[in-house]
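> coordinates only, sequence not included:
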């Protein structure tokens, strides 16, 4: 079952990331960190579902998504690049296993940041964000989604890692066991992971090598 809604606004956050605001369907409930399948309500597209994470909070009077676009795939994200306010979207049932369990380190790669946007916004709203850290891996500074927002939320606890640029104030390279250890603290028990599969596999291996038990690793279940 789906619900019909419409786009209220659409704008670029970075060169390849859109921020989309939609009317909130009646009775829609979700947990910060959860995602939903959506499709575009127009000929040839209504059956093509794509999964996106809510970046708004459940109590907001609208729903928001932060979506990385892949024009070369010729799919839904490419179609969204030409979408406009008033266009209709079908929303399905929310799902997902990533939710906040306690203070920890959020480790994200690229568009994998999206579940953490809502979680961190929710923690900020509840004055519970202090002490949590975000390690955010991207290729270049231009790829960083919501850099100013995360800096204002987390200050020095927002750590950027760039693989293709070496800039002052940014870690360079890839997320490694040494990097995770550098920013770990005893009170940060949980490790929240979201990113492309190769990165996820690597980081899970790093956490295992550091002796982190599975019960303290929060990720999407497949």
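Cool, the structure landed. Please read these numbers as outputs of a predicted model, since none were measured by experiment. Numbering: from 1, shown residues only.

> residue 83 is in contact with residue 6, isn't it?
No: if you go by CB atoms under 8 Å, residue 83 and residue 6 don't touch, sitting 10.5 Å apart. The C-beta positions use only the backbone N, C-alpha and C, and glycine is treated the same way.

> give me the domain ranges for this protein.
3-91, 104-218 (automatic domain parsing).

> in JSON lines, list these along with mean neighbour count.
JSON lines is the format used below for the domains of the chain (neighbours: other CB atoms under 10 Å):
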{"stretch": "domain 3-91", "mean neighbour count": "16"}
{"stretch": "domain 104-218", "mean neighbour count": "17"}
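
> same list, these, but as a markdown table with mean pLDDT please.
Below are those laid out as a markdown table (pLDDT from 0 to 100):
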| stretch | mean pLDDT |
| --- | --- |
| domain 3-91 | 96 |
| domain 104-218 | 97 |
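
> let's have those domains in CSV, adding distance to residue 98.
CSV is the format used below for the domains of the chain (distance: least, CB to CB, whole Å):
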stretch, distance to residue 98
domain 3-91, 4
domain 104-218, 5
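
> what segments of this protein are strands?
Along the chain, the segments classed as strands by DSSP state E run 3-14, 17-23, 35-40, 50-53, 62-68, 88-91, 104-109, 133-138, 158-162, 171-172, 190-194, 217-218.

> and the second one, what does it pack against?
Identification of packing neighbours for strand 17-23 by 3 or more CB pairs under 8 Å, 6 or more residues apart in numbering; DSSP states H and E yields strand 3-14, strand 62-68, helix 76-80.

> and the contacts of it?
5-13, 55-56, 62-69, 77, 80-81, 83, 89, 91, 111, 145 (CB atoms under 8 Å, 6 or more residues apart in numbering).

> so how far is residue 42 from residue 88?
Going from residue 88 to residue 42 by CB to CB, to the nearest Å gives 7 Å.

> now swap in residue 156 and tell me
Taken as CB to CB, the span from residue 156 to residue 42 is 46 Å.

> what's the closest of the helices and strands packed on strand 17-23 to residue 30?
Comparing the helices and strands packed on strand 17-23 against residue 30 with CB to CB, the closest turns out to be strand 62-68 (8.6 Å).

> quick one: the closest one to strand 3-14, angle?
Using axes from the mean of the first three to the mean of the last three CA atoms, to 10 degrees, the inter-axis angle of strand 62-68 relative to strand 3-14 is 50 degrees.

> who's in contact with strand 62-68?
Residues outside strand 62-68 that contact it (CB under 8 Å, 6+ apart) are 5, 8, 13, 16-25, 28, 38, 52-56, 77, 80, 91, 110-111, 113-114, 117, 145-146.

> and that strand with strand 35-40, angle?
Per the same axes, to 10 degrees, the angle that strand 62-68 makes with strand 35-40 is 90 degrees.

> contacting residues for the closest residue to residue 70 other than its chain neighbours?
Once flanking residues are discounted, residue 70 sits nearest to residue 77: 5.2 Å by CB to CB, 6 or more residues apart in numbering. Contact analysis of residue 77 by CB under 8 Å, 6+ apart lists 18, 50, 67, 68, 69, 70, 71.

> what does residue 120 give?
Contacts for residue 120 (CB under 8 Å, 6+ apart) come out as 106, 129, 132, 134, 150, 153, 154.
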